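In: Pasting the sequence and the predicted model now:
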Amino acid sequence: MTTKAELYDVIRRPIVTEKSTRASEANALVFEVAMEANKPLIKQAVEALFNVKVKAVNTVLTRGKVKRFRGRLGRRNDVKKAYVTLEEGHMIDVTTGL
């Protein structure tokens, strides 16, 4: 079993956007996760940290955009997001804080 600190390294932060709020209506949450995290590790981390049962985990890899800042080219970081669907009767309220 991994330690709690290692599990917090897997789950970086919850993502609260309009799209993730719509996903929460279907009993799903969106988290930013480590790039090297895989689905079984994400499931284990969410179940251990929040004491819930996870039904499914879907991951999305978002590549960073090239943007300009004060006339100079820059690049945003790549982000890996996990859509975590919970079993019926389980819920996590990410709006009140972790």
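Out: Looks like it arrived, so ask away.

In: Nearest the geometric middle of this structure, what residue?
Out: By C-alpha atoms, centre = their mean, the chain has its centre lying nearest to Phe31, at 1.4 Å.

In: List the contacts of the helix or strand where it lies.
Out: For Phe31, the enclosing helix or strand under DSSP states H and E is strand 28-33. Strand 28-33 has contacts (C-beta atoms under 8 Å, 6 or more residues apart in numbering) with 10-15, 17, 19-20, 23, 42, 46, 59, 79-86, 92, 94. Just so you know, the C-beta spots here come from the backbone N, C-alpha and C atoms, and that holds for glycine as well.

In: what are the phi and psi angles of Tyr8?
Out: phi -70, psi -20 (degrees, to the nearest 10).

In: Run me through the strand neighbours of the strand holding Phe31, direction for each.
Out: Strand pairing for strand 28-33, determined by DSSP bridges: strand 11-14 (antiparallel), strand 79-86 (antiparallel).

In: got the buried residues for the following helix or strand past the first one?
Out: Using DSSP H and E, the helix or strand that follows strand 11-14 towards the C-terminus is helix 18-24. Residues of helix 18-24 classed as buried under the neighbour-count rule (16 or more other C-beta atoms under 10 Å) are Ser20, Ala23, Ser24.

In: how near is Gly74 to Lys67?
Out: Separation of Gly74 from Lys67 (C-beta to C-beta, to the nearest Å): 6 Å.

In: I meant Lys53, not that one.
Out: Computed as C-beta to C-beta, the Lys53 to Lys67 distance reads 40 Å.

In: what's the single longest helix in this protein?
Out: helix 39-50 (DSSP state H).

In: Please report phi then psi for Asp9.
Out: According to degrees, to the nearest 10, Asp9 has phi -70, psi -30.

In: wouldn't it be in contact with Ala34 here?
Out: Yes: contact criterion C-beta atoms under 8 Å: Asp9 and Ala34 qualify, at 6.2 Å.
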